[in-house]
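K.L.:
based on what follows, work out the 3D shape:
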Amino acid sequence: MKYLSVIIFLSAMSWTWGLTNRELPISERVHVGIQEDLKRLISDYIQENLPNSKNLLFDRFYTESLDDNKVKASFTYSFEDEDEQIGQARVQIEGYAVLNRGQETNETIEWTFDELVILNNQVDFKEPLKVNPSGSTVEQ
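P.N.:
Take a look at the predicted model:
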């Protein structure tokens, strides 16, 4: 019985060692590259479409492998924006993107941006807004 428990223990230890030290299908370097590219893509999009925005912060940004050819990038980012009607506000957006492995060369792997899902959109106004219940106008 003693030998059997030692053999079981060594087998379990060998199996878990193999799990933790196996080569990952998508390397850490690829994950970091995807994160940097998506951050740059989001930043460029915001600057192009909201030129008054500033102070872009990525509060949370990580990627995870869904399978050998698919990565999910989850994010939460926020920025300050100013509008003539509502004044200054901090906008926070939470969501995720799904990317699929595309063409692969010796130096690079191309990933296609297939799905974008926005889960939550929050706006914090710097100054309170006054709403006129008798009409549709919004005052500051």
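
K.L.:
from the chain's centroid, how far away is the longest helix along the chain?
P.N.:
Assignment by DSSP state H gives helix 28-49 as the longest helix of the chain. Distance of helix 28-49 from the chain centroid (CA atoms, centre = their mean, to the nearest Å) equals 9 Å.

K.L.:
same question, stretch 72-85
P.N.:
So, by CA atoms, centre = their mean, the centroid of stretch 72-85 is 13 Å from its chain's centroid.

K.L.:
near residue 4, how many other residues are there?
P.N.:
If you count neighbours by other CB atoms under 10 Å, residue 4 ends up with 8. Just so you know, the C-beta spots here come from the backbone N, C-alpha and C atoms, and that holds for glycine as well.

K.L.:
same check on the one 4 residues further on?
P.N.:
When neighbours are defined as other CB under 10 Å, residue 8 has 10 of them.

K.L.:
show me where this protein has helices.
P.N.:
Under DSSP H, the chain gives helices at 2-20, 28-49.

K.L.:
same for the longest helix of the chain, what does it pack against?
P.N.:
strand 54-67, strand 70-83 (3 or more CB pairs under 8 Å, 6 or more residues apart in numbering; DSSP states H and E).
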